[in-house]
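Got a sequence here, can you model it:
(chains A and B)
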Amino acid sequence: SQTIHQWPATLVQPVGSPLSLECTVEGTSNPNLYWYRQAAGRGLQLLFYSVGIGQISSEVPQNLSASRPQDRQFILSSKKLLLSDSGFYLCAWRLAGKETQYFGPGTRLLVL
Amino acid sequence: LAKTTQPISMDSYEGQEVNITCSHNNIATNDYITWYQQFPSQGPRFIIQGYKTKVTNEVASLFIPADRKSSTLSLPRVSLSDTAVYYCLVGDISAGGSYIPTFGRGTSLIVHP
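Predicted coordinates:
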């Protein structure tokens, strides 16, 4: 069966510090991968998606970046965090041609 | 990408049937309608999907009229544990990587005792 992992679960970082969030998927091959951010009480904002290794599409220009070094690994990064980067970060995967997305447990990031 | 409109919030009581309607006036021929449920501090999870008429599973029913410009998620006999945010998505799932699942603000359902 397929599983998706995210870490860390929670993170408190100072403004201006770097960020690295990792997402890995097990039990499937060549998934479409997604990073979303959810601010408190708001909907999900799509940040990045990837349809294959090394392929990254950005939906919202900001100080975040994403990379996909392996088929089932998706990394979200920042060189300098802003206060506005606080939120709940969710990674998800989907097989092409299928609707259902499967979400990870999420990382709650607080930037102080 | 078809835009969806849902009520921001709804209230209900335990044991009642809840119907959440989503408007998608510019839905395309190949678009499917999918609903997700999200509990606090968790990622959304798939509830139901349909193309036309009615779809039913163990959790909910989805009603889609002939013109497909709206859809209604029906939750029978809700309980407190159905308190969550419900999202309606519309898109061509056969479009491969070019289909980008887009979540709006959803409908926040609160079930009262």
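
how many neighbours does residue 11 have?
Using chain A here. By other Cβ atoms under 10 Å in any protein chain shown, the residues close to A:Leu11 number 17. Heads up, the C-betas are built off the backbone N, CA and C, glycines and all.

hm, I was asking about chain B
11.

again with B:Ser70
So B:Ser70, with other Cβ under 10 Å, has 18 neighbours.

From B:Trp35, how far out is it?
Distance of B:Ser70 to B:Trp35, computed by Cβ to Cβ, to the nearest Å: 13 Å.

Tell me what A:Ser77 is bridged to.
A:Ser20, A:Ser65 (DSSP bridges).

related to what we said a few turns ago, now do the shared contacts for B:Ser70 and B:Trp35.
Common contact partners of B:Ser70 and B:Trp35 (Cβ atoms under 8 Å, 6 or more residues apart in numbering or on different chains): B:Cys22.

what about chain A, any weak spots by pLDDT?
Chain A contains residues with pLDDT under 70 at A:61.

What does the residue of it found nearest chain B show for phi and psi?
Nearest residue of chain A to chain B (Cβ to the nearest Cβ) works out as A:Phe103 at 2.5 Å. Reported as degrees, to the nearest 10, the phi and psi values for A:Phe103 are phi -100, psi 150.

which ones are touching it?
A:4, A:90-92, B:42-45.

for B:Tyr13, same thing?
Contacts of B:Tyr13 by Cβ under 8 Å, 6+ apart are B:78, B:111-113.

which of the residues you listed count as buried?
With burial judged by 16 or more other Cβ atoms under 10 Å in any protein chain shown, the buried subset of the contacts of B:Tyr13 is B:78, B:111.

Which of the contacts of B:Tyr13 fall in strands?
When the contacts of B:Tyr13 are checked against strands (DSSP state E), the matches are B:111-112.

Of the contacts of B:Tyr13, which ones also sit close to chain A?
For chain A, no contacts are drawn from the contacts of B:Tyr13 by Cβ under 8 Å from any Cβ of the partner chain.

Going by distance to A:Val51, which of the contacts of B:Tyr13 wins?
B:Val78 (37.5 Å; Cβ to Cβ).

Burial check on A:Leu76, number of neighbours?
Other residues near A:Leu76 come to 22 when the count uses other Cβ under 10 Å.

From B:Pro101, how far off is it?
17 Å.

can you check B:Lys54 too?
23 Å.

higher neighbour count, the two?
Using other Cβ under 10 Å as the criterion, B:Lys54 and B:Pro101 rank with B:Pro101 on top: 24 against 11.

and stretch A:92-101, how far apart are its ends?
6 Å (Cα to Cα, to the nearest Å).

Now for B:Thr56: which residues touch it?
B:Leu62.

Quick check, pLDDT for it.
For B:Thr56, the pLDDT comes out at 96.

Show the backbone phi and psi for it.
phi -130, psi 140.

Chain A versus that one, what's the distance?
Going from B:Thr56 to chain A by Cβ to the nearest Cβ, to the nearest Å gives 17 Å.

Could you report the separation of that residue from A:Glu99?
B:Thr56 is 17 Å from A:Glu99, by Cβ to Cβ.

Much appreciated, bye for now.
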